[in-house]
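Participant: need coordinates for the below:
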Amino acid sequence: MNRFSVCFVCTGNICRSPMAETVLRSIADAAGHGDDLVITSAGTGDWHVGEGADPRTVTALEARGYDGSRHRAKQFGADDFARHDLVVAFDRGQERILRAWASNDADRSKVQLLLSFDPTVAPRNGVEGTDVPDPYYSDAAMFDTVLDLVEQSCTALFRQIEPALRKGPS
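Facilitator: Alright, predicted model coming up:
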């Protein structure tokens with residue numbers, strides 16, 4: 001059985017993308033679809049490959065009942081498109097990089113911005129535009145704000161893919 005595969009991609013794979021990977025996995029598990037999805041994350045850069053998630057990411061996740069402690073950063077490469085049905089970026093810069101790495105229109109079409117799954121999420125959380133802010137150079141409060149965006153957007157994303165998961169492979 002082919003499982004639907006989602007890869008979240010941020011800059012260094014230590015803040016936003018591990019949050020989204022952890023949150024979507026929790027949502028899928030709670031809905032009984034944990035085995036129907038492959039959920040991973042990666043970064044466009046290689047600065048943190050092999051490192052755990054930023055401690056502030058782990059702390060924000062733990063405060064809401066998630067476990068992000070086992071995460072290890074990796075870098076996304078052009079060959080990763082073949083392994084994923086959906087590649088989710090957090091800002092327009094990452095979206096441009098990923099689409100430039102894609103070798104064909106089918107792979108380019110896999111790249112979507114996280115906030116596109118629920119465009120009302122950002123304004124409700126005091127964020128403007130289509131980008132999830134990078135909390136790396138900010139404080140713990142920004143990690144909480146980003147986690148709010150991630151939770152709400154991942155919930156919207158799961159609502160969009162769940163009907164296909166219930167239906168099963170065609």
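Participant: use CA for all of it now, contacts and neighbours both
Facilitator: Noted.
Participant: in this protein, where's the longest helix?
Facilitator: Counting residues, the longest helix in the chain under DSSP state H turns out to be helix 140-167.
Participant: quick check, distance from that one to the centre of its chain.
Facilitator: Distance of helix 140-167 from its chain centroid, counting by Cα atoms, centre = their mean, to the nearest Å, is 9 Å.
Participant: then stretch 70-81?
Facilitator: The answer for stretch 70-81 is 12 Å, by Cα atoms, centre = their mean.
Participant: model confidence over it, on average?
Facilitator: For stretch 70-81, mean pLDDT is 97.
Participant: check which residues of it are buried.
Facilitator: Using 16 or more other Cα atoms under 10 Å as the test for burial, stretch 70-81 gives His71, Arg72, Ala73, Lys74, Gln75, Phe76, Phe81.
Participant: pLDDT weak spots in the protein?
Facilitator: Residue ranges of the chain with pLDDT under 70: 1, 168-170.
Participant: let me see the ranges of the strands in it.
Facilitator: Counting by DSSP state E, the chain has strands at residues 4-10, 37-43, 86-89, 111-113.
Participant: between the longest helix of the chain and strand 4-10, how many degrees?
Facilitator: Helix 140-167 and strand 4-10 meet at an angle of 160 degrees, taking axes from the mean of the first three to the mean of the last three Cα atoms, to 10 degrees as the criterion.
Participant: redo the strands of the chain as CSV? Include distance to Gly126 and mean neighbour count.
Facilitator: As requested, those are arranged in CSV below (distance: least, Cα to Cα, whole Å; neighbours: other Cα atoms under 10 Å):
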stretch, distance to Gly126, mean neighbour count
strand 4-10, 21, 24
strand 37-43, 25, 23
strand 86-89, 20, 26
strand 111-113, 18, 21
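Participant: in CSV: these, plus distance to Ala63.
Facilitator: Shown next, in CSV, are the strands of the chain (distance: least, Cα to Cα, whole Å):
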stretch, distance to Ala63
strand 4-10, 21
strand 37-43, 21
strand 86-89, 24
strand 111-113, 26
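Participant: any idea where the helices of the protein begin and end?
Facilitator: Under DSSP H, the chain gives helices at 16-30, 55-63, 92-101, 105-109, 121-124, 140-167.
Participant: buried ones in the second one?
Facilitator: Taking 16+ other Cα under 10 Å as the neighbour-count basis, helix 55-63 is seen to contain the buried residues Arg56, Thr57, Val58, Thr59, Ala60, Leu61.
Participant: farthest pair in those?
Facilitator: Farthest pair in the buried residues of helix 55-63 (Cα to Cα) is Arg56 and Leu61. Separation: 8.5 Å.
Participant: buried residues in stretch 43-54, which are they?
Facilitator: Neighbour counts over stretch 43-54 (16+ other Cα under 10 Å) mark Gly43, Thr44, Gly45, His48, Val49, Gly52, Ala53, Asp54 as buried.
Participant: since that was my last question, I'll sign off now.
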